[in-house]
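Trainee: show me the folded form of this:
(one chain, ligands or ions: 3)
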Amino acid sequence: MGIVEKIKELEQEYARTQKNKATEGHLGIIKARLAKLRGELLAESSGGGGGGEGFSVQKSGDGRVALIGFPSVGKSSLLSELTDTESVAAGYEFTTLTCIPGNLVLNGVRIQLLDLPGIIEGAAHGKGRGREVIAVARTADLVLMVLDAGKEGVNRHREILETELETVGLRLNKRPPNVTLVKKKTGGVKFNATVPLTKLGSDPHEAVLGILREYKMHNCELLVREDITSDELIDVINGNRKYVRCLYAYNKIDQITIEEIDALARQPHSVVISVHAKLNLDYLLQKMWDYMGLIRVYSKRRGAPPDLQEPVVLSTQRPGGITVEAATRHVSRELLVIFSYCMVWGTSVKFSPQRVGLQHVLDDEDVFQIVAKTNNQQKLDKDYSQRVQAYNKMIAEKRKTRTKEGKKKRSTG
Ligand SMILES: Nc1nc2c(ncn2[C@@H]2O[C@H](COP(=O)(O)OP(=O)(O)OP(=O)(O)O)[C@@H](O)[C@H]2O)c(=O)[nH]1
Ligand SMILES: [K+]
Ligand SMILES: [Mg+2]
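Mentor: Ligands and ions are numbered 1, 2, ... in the order given. Got it, this is the predicted structure:
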């Protein structure tokens, strides 16, 4: 039996099974099997390249927004309206066949907007250029889902698109579950939960063990700190989920009634716009900024004013977040080793300036000045050179395991 048939069979079994507390555990295992097979299917259809970008578009600027939607909803029209690029728009479907980048400046930060071909139901399984489009979405700080407000069943469209993105491991407007999973070589399964698990059926413990067995995780430590579902546990085990912010832009509101506009505007994470009538575009830009989770911080040297032209842009969603450590790393990685403390001016501190450490969380428009250890201090610091060596070794190790894991993922899917 091929993967597709196996998936069909499991989906049927899932549909047949009654959904109640007693079957939760069994359903969890079906879902785990489905997730595994879908992963294999995707690895297969990606032609060995494995989760690459699909369309090769040079990254530019400090933030990236991907325009995703059905054909002819107005993605290209929107790109041409908001950026310095003209992307061909027309009344027929699949006008755009590749990825077209455009630039705009938002609150002083250069943002790259990507116009993409329209996607349809089944995109995740390789229909049209769906897989490539979705691969680009994975690289974005924000997915801007464009919908045609004038189309009947527009919210059905929204659901279809959400499902397509979910199928390939994107998680929209969700946070990673508060769960730690560490794989071990021996020792069996150690499973602890700090809260009651109410969504895993009548025997949560057995449900969790069943899913772990399904993934052949016979030796691991699992610590669950929130009331998770089996889907969320599967996400943690899979590990390659991408949590991305998503904003829904209902375009063409020039074609519908005020009442209809009002209903759409009340949907969660939504903005109603019209590119043709230039309605609400400023509000859309403001929302995009909020959703991207970017902050600008300005570095300054001792005795000099801050460089307000070149913000260091950090993101709450990227690894490292918006800490002093992330800002320091951005300026130069070597600085981390000789970092003594940081002076911060702005809203993240009680007094300006205030001395803070690497873990301090910055705010938008803060100014920071990194104070390095003086040469004398460095010399006094007996194990300084050892620390540099240890640090470099750690980075090298991390790189090695990362490429190894990357290779493993690519080969196993
Ligand atoms: N009424 C109305 N029509 C619009 C609006 N924005 C775009 N259109 C029209 O919708 C049609 C499709 O626009 P495109 O920008 O090509 O749509 P697309 O999503 O890029 O389409 P594909 O590239 O084919 O996926 C064109 O005829 C546009 O003129 C709008 O705000 N109101
Ligand atoms: K079109
Ligand atoms: Mg287009």
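Trainee: which one of the residues in the stretch 301-413 of the chain is closest to ligand 2?
Mentor: Closest contact between the stretch 301-413 of the chain and ligand 2, by Cβ to the ion, is at residue 317 (30.7 Å). For glycine as for every other residue, the C-beta is placed from the backbone atoms N, C-alpha and C.
Trainee: any idea how many residues pack against that residue?
Mentor: Neighbourhood size, residue 317 [other Cβ atoms under 10 Å]: 17.
Trainee: isn't there a strand covering it?
Mentor: No - the assignment for residue 317 by DSSP: H, G, I helix; E, B strand; the rest coil gives coil, which leaves it out of any strand.
Trainee: ranges for the strands of the stretch 51-200 of the chain?
Mentor: Taking DSSP state E, counting those that start in this stretch as the test, the strands found in the stretch 51-200 of the chain are 63-69, 100-106, 109-115, 142-148, 170-172, 179-183, 189-193.
Trainee: what angle do the third one and strand 100-106 make?
Mentor: I take that to be strand 109-115. Following axes from the mean of the first three to the mean of the last three Cα atoms, to 10 degrees, one obtains 150 degrees for the angle between strand 109-115 and strand 100-106.
Trainee: does strand 109-115 reach ligand 3?
Mentor: No - if you take Cβ under 5 Å from the ion as the test, strand 109-115 misses ligand 3, and the best it gets is 5.9 Å.
Trainee: who's in contact with that strand?
Mentor: 57, 59-67, 75-76, 79, 82-83, 85, 87, 96, 99-105, 136, 140, 144, 288, 292, 294, 296, 311, 313 (Cβ atoms under 8 Å, 6 or more residues apart in numbering).
Trainee: who does it pair up with?
Mentor: The strands that strand 109-115 pairs with in its sheet are strand 63-69 (parallel), strand 100-106 (antiparallel) (by DSSP bridges).
Trainee: let me see the mean pLDDT of that strand.
Mentor: Taken as a whole, strand 109-115 has an average pLDDT of 96.
Trainee: distance between that strand and the chain's centre?
Mentor: In terms of Cα atoms, centre = their mean, to the nearest Å, the centre of strand 109-115 is set 16 Å apart from its chain centre.
Trainee: for residue 74, which non-adjacent residue is spatially closest?
Mentor: The shortest distance from residue 74 to any non-neighbouring residue, by Cβ to Cβ, 6 or more residues apart in numbering, is to residue 251 (4.2 Å).
Trainee: before we move on, back to that, just name the most buried of the strands paired with strand 109-115.
Mentor: Sort the strands paired with strand 109-115 by mean neighbour count, taking mean count of other Cβ atoms under 10 Å, and strand 63-69 sits at the top with a mean of 25.
Trainee: where in the chain is the helix or strand with the lowest mean pLDDT?
Mentor: Counting by mean pLDDT, DSSP states H and E, the weakest-scoring helix or strand in the chain turns out to be helix 375-380, with a mean of 67.
Trainee: closest residue of the stretch 101-250 of the chain to ligand 2?
Mentor: Closest point on the stretch 101-250 of the chain to ligand 2, by Cβ to the ion, is residue 118, at 7.2 Å.
Trainee: what about that residue, how many residues nearby?
Mentor: There are 24 residues near residue 118, going by other Cβ under 10 Å.
Trainee: pLDDT value on it, please?
Mentor: 91.
Trainee: could you find the closest non-adjacent residue to it?
Mentor: In this structure, residue 118 finds its nearest non-sequential neighbour in residue 71, 3.1 Å apart by Cβ to Cβ, 6+ apart.
Trainee: quickly note the distance from residue 113 to residue 55.
Mentor: Note on residue 113: its distance to residue 55, by Cβ to Cβ, to the nearest Å, is 14 Å.
Trainee: neighbour count winner among those two?
Mentor: Between residue 113 and residue 55, residue 113 has the larger neighbour count (other Cβ under 10 Å), namely 28 against 17.
Trainee: who's that one bridged to?
Mentor: residue 65, residue 102.
Trainee: got the domain boundaries for this structure?
Mentor: Following automatic domain parsing, one gets these domains for the chain: 3-45+177-238, 63-173+241-292, 295-372.
Trainee: all strands for the stretch 201-350 of the chain, in order.
Mentor: Taking DSSP E, counting those that start in this stretch as the criterion, the stretch 201-350 of the chain carries its strands at 220-224, 242-251, 270-272, 294-299, 312-315, 339-345.
Trainee: do you know which of these lies nearest ligand 1?
Mentor: When those are compared by Cβ to the nearest ligand atom, strand 242-251 sits nearest ligand 1, at 5.1 Å.
Trainee: in the stretch 101-250 of the chain, which residue sits nearest ligand 1?
Mentor: For the stretch 101-250 of the chain, Cβ to the nearest ligand atom, closest residue to ligand 1: residue 118, 3.0 Å.
Trainee: ok, that residue touching residue 69?
Mentor: Yes - the pair residue 118 / residue 69 is scored as a contact, 6.3 Å apart, by Cβ atoms under 8 Å.
Trainee: which neighbours do the two have in common?
Mentor: Shared contacts of residue 118 and residue 69, defined by Cβ under 8 Å, 6+ apart, are found at residue 75.
Trainee: circling back to that earlier point, and the domains of the chain, which is most packed in?
Mentor: domain 63-173+241-292 (a mean of 19).
Trainee: just the terminal-to-terminal distance for that one.
Mentor: Terminal residues of domain 63-173+241-292 are spaced 8 Å apart (Cα to Cα, to the nearest Å).
Trainee: same question, stretch 118-138
Mentor: Stretch 118-138 end-to-end distance (Cα to Cα) = 16 Å.
Trainee: contacts (any at all) between ligand 3 and it?
Mentor: No - Stretch 118-138 lies apart from ligand 3 when judged by Cβ under 5 Å from the ion; the minimum separation is 6.7 Å.
Trainee: distance from stretch 17-30 to the middle of the chain?
Mentor: Distance, centroid of stretch 17-30 to centroid of chain: 29 Å (Cα atoms, centre = their mean).
Trainee: meant to ask about stretch 56-71
Mentor: The answer for stretch 56-71 is 13 Å, by Cα atoms, centre = their mean.
Trainee: measure it end to end?
Mentor: Using Cα to Cα, the end-to-end distance of stretch 56-71 comes to 21 Å.
Trainee: the strands of the stretch 51-200 of the chain: which one's closest to residue 92?
Mentor: Comparing these by their distance to residue 92 (Cβ to Cβ), the top pick is strand 142-148, with 14.0 Å.
Trainee: show me which residues of the protein sit near ligand 2.
Mentor: So the chain meets ligand 2 at 72, 90, 95 (Cβ under 5 Å from the ion).
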